[in-house]
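In: Pasted the sequence and its predicted model underneath.
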Amino acid sequence: MLTKRVTVTVHASDPLSRAGLISHLRHQPSLDVLPDRGEDGRERAPEEPDDPAVAVLLADRIDESTTAELRRLLRGRDQRVVLVAGELREPDLLSVVEYGVRAIIWRHQATEQRLLSAVHSAARGEGELPPDLVSRLLNQVGRLRRATAAGATAGGSVPLFGMAPREVDVLRLLAEGLDTRQISEKLAYSERTVKNILHALMTRLRLTNRAHAVAYALREGYI
């Protein structure tokens, strides 16, 4: 059975690294590698609009520019992303999974066959992770579930990723300058409940303080 051709764009801040990835992918008969911005000065779209596109992003580490590029790529219609990573800290791993990255490959393991397999997995809507990352992800999800269960209070379940409505309500009032007592009065919660909501949220999302939590909510469009 013939494999359906997949449209691919390649993204990297370093032109030489990007050229290396393109050389790995361009001669694969099941892939159509299109230029993104920078190769011909304009963005190209797939010839068949209904086909999913796969973006391959090379990043040595997850920093602000990488996360901004991930958000840009994942805003596209039915876009799927394969991340070729040099290193991933545990908070970074959860972040890229939450953003919607479909497959991750270690840079030093990015052979032609691994790239091809990851691109086709992403195009099918499936995930692909190195075994060591699967173990790390499961361990971290387990820790976060336990932390969420310990910090949850009456008023509804708390999602593993993202924010529950009551968390958004608390952060919106916090962003308006209200303190714990004023927030508890506005929402008819006890002050202890407000503190528990904030503690559980910051633990789950690895946020360092209340200002960081408000900044995260603003950046992600919750408030």
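Out: Perfect, thanks for sending it. Residues are numbered from 1 along each chain as shown.
In: from here on, contacts and neighbour counts on C-alpha atoms
Out: Fine.
In: Neighbours of Arg204, how many?
Out: When counting by other Cα atoms under 10 Å, one arrives at 23 neighbours for Arg204.
In: And Gly125, by the same measure?
Out: Taking other Cα under 10 Å as the criterion, the count of residues near Gly125 is 14.
In: Quick check: pLDDT value at it.
Out: Gly125 is assigned 80 on the pLDDT scale.
In: Start at 57, not 1
Out: Understood, numbering begins at 57; the last thing we discussed is Gly181.
In: Quick check: it touching Arg158?
Out: Yes. Under the contact definition of Cα atoms under 8 Å, Gly181 touches Arg158, with a separation of 7.3 Å.
In: where does Gln140 sit relative to Val190, distance-wise?
Out: To be clear, residue 140 is Val; Gln isn't right here. When distance is defined by Cα to Cα, to the nearest Å, Val140 is 15 Å away from Val190.
In: Neighbour count for those two, which is higher?
Out: Here Val140 and Val190 are set side by side on neighbour count (other Cα under 10 Å), and the busier one is Val140, at 24 against 13.
In: Checking that one next. Helix, strand or coil?
Out: Here Val140 is recorded as strand under DSSP: H, G, I helix; E, B strand; the rest coil.
In: Give the full set of residues in contact with it.
Out: Val112, Leu113, Leu114, Ala115, Ile160, Ile161, Trp162, Arg163, Ala166 (Cα atoms under 8 Å, 6 or more residues apart in numbering).
In: Could you report the neighbour count for the nearest residue to Ile118 once chain neighbours are set aside?
Out: The spatial neighbour of Ile118 that comes closest, neighbours along the chain excluded (Cα to Cα, 6 or more residues apart in numbering), is Asp148 at 6.4 Å. Residues near Asp148, counting by other Cα under 10 Å, number 15.
In: Check Asp70 too.
Out: The criterion is other Cα under 10 Å. On that basis, Asp70 has 10 neighbouring residues.
In: And for the one 5 residues further on?
Out: Neighbour count of Ala75, defined by other Cα under 10 Å: 15.
In: how close does the residue nearest to Ile118 sit to Ser177?
Out: Separation of Asp148 from Ser177 (Cα to Cα) stands at 22 Å.
In: got it, and Arg136?
Out: Arg136 sits at a distance of 10 Å from Ser177 (criterion: Cα to Cα).
In: out of those two, which sits in the more crowded spot?
Out: When neighbours are counted by other Cα under 10 Å, Arg136 comes out ahead of the other of Arg136 and Ser177, with 27 against 18.
In: looking at it, Arg82 is touching Pro91, isn't it?
Out: No. With contact taken as Cα under 8 Å, Arg82 and Pro91 are classed as non-touching, separated by 10.8 Å.
In: Who has more neighbours out of the two?
Out: Between Arg82 and Pro91, counted using other Cα under 10 Å, Pro91 has the larger neighbour count: 18 against 14.
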